[in-house]
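Engineer: Provided below for reference: sequence and predicted model.
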Amino acid sequence: MPTTNHDNIKRTVRETYGKIASAEMSGCGCSCSPSWGYSQVERDSVPRGADLGLGSGNPQAMANIQPGETVIDLGSGGGIDCFLAAEAVGDDGLVIGIDMTPEMVSRARANAEEGGYSSVDFRLGEIENLPVADNSVDVIMSNCVINLSPDKASVYGEAFRVLKPGGRMAISDVVTTIELPDEVRGDLEQYAACISGAASIPELEDILTKAGFENVRIQPSSGAGEIPDTWNPGSDISDYTVSATIEAVKPVE
């Protein structure tokens, strides 16, 4: 895909989610069901404005986050996953939320102040070029965001760079089950809706392996087919995509 198309994709995604963060739209670009994968207790434990209904799962629930760890959330949105992770890392840990949309970062920071989260740091940046030091992170999580990137090899390459040896990824994202039609692949609105940019499981396995990861495990989520059905009611998107969990480990040197 040409660089100009990459720029168009990023601009469309940034504008779409900027409107969501500014409350000009309700729900997410893909009209996901709010809070899919979270318990009522988890939803009630975070500031109200943190849950924007943007996810395809609950990545921090599978990350096995430990006290004192450093965690990154790629595409942190309103901050729900960061705040849940902050409870797990405790006062001695750190959770870093990365988002390329200024409006989202501002909203997440306001939510952090409201909730009194001192161990959470929201940073403006692109997931293809993380504002994080090498070998400094224990866990990387992300919730229905990496599919929005037109350069997934760079995303996972950056993830490998910043993880400590033995560090791990816990990702919830959308993957394709069969090749998307050309008219869907070329639709920028569908890209911002978490559909057009989705990759297949074999493609992602190849990207992760080439980045250097081991113990790569990608599996459709429980009830995965139900999520795309809610994004585009009456469409056949669920014939092409499902939600999946993506796990991998950076080898110990």
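Structural biologist: Received the coordinates, thanks.

Engineer: For the chain, just list every one of the helices.
Structural biologist: Taking DSSP state H, the helices of the chain run over residues 3-21, 40-45, 59-62, 80-89, 102-115, 152-162, 182-185, 188-192, 201-211, 226-231.

Engineer: pLDDT averaged over the first one - what is it?
Structural biologist: Regarding helix 3-21, the rounded mean pLDDT is 63.

Engineer: Same question for the last one.
Structural biologist: Predicted confidence along helix 226-231 averages 48 (mean pLDDT).

Engineer: Report the contact partners of the closest residue in space to D121 that isn't next to it in sequence.
Structural biologist: In space, and not counting its chain neighbours, D121 is closest to I96: 5.1 Å by Cβ to Cβ, 6 or more residues apart in numbering. Quick note: C-beta positions are derived from backbone N, CA and C, even for glycine. Applying Cβ atoms under 8 Å, 6 or more residues apart in numbering to I96 gives the contacts 70-73, 82, 120-123, 132, 137.

Engineer: how much does the longest strand belonging to the chain deviate in direction from helix 152-162?
Structural biologist: Secondary structure assigned by DSSP state E gives strand 163-176 as the longest strand of the chain. Inter-element angle recorded for strand 163-176 and helix 152-162: 160 degrees (by axes from the mean of the first three to the mean of the last three Cα atoms, to 10 degrees).

Engineer: Output the contacting helices and strands for strand 163-176.
Structural biologist: Applying 3 or more Cβ pairs under 8 Å, 6 or more residues apart in numbering; DSSP states H and E, one finds that strand 163-176 contacts helix 59-62, strand 137-143, strand 199-200, strand 241-249.

Engineer: just the ones you listed: most buried one?
Structural biologist: Most buried of the helices and strands packed on strand 163-176, by mean neighbour count (mean count of other Cβ atoms under 10 Å): strand 137-143, with a mean of 26.

Engineer: Between the two ends of stretch 208-219, how far is it?
Structural biologist: Length of stretch 208-219, first residue to last, Cα to Cα, to the nearest Å: 14 Å.

Engineer: List the contacts of that stretch.
Structural biologist: Residues outside stretch 208-219 that contact it (Cβ under 8 Å, 6+ apart): 153, 156-157, 159-160, 169, 175, 201, 204-205, 244-251.

Engineer: re the thing from before, of all the contacts of I96, the one with the weakest confidence?
Structural biologist: Across the set of the contacts of I96, C82 stands lowest in pLDDT, at 92.

Engineer: That residue and D73 touch, don't they?
Structural biologist: Yes: shown here, C82 and D73 form a contact pair, counting by Cβ atoms under 8 Å, at 5.0 Å.

Engineer: how far away is I72 from D151?
Structural biologist: Distance of I72 to D151, computed by Cβ to Cβ, to the nearest Å: 18 Å.
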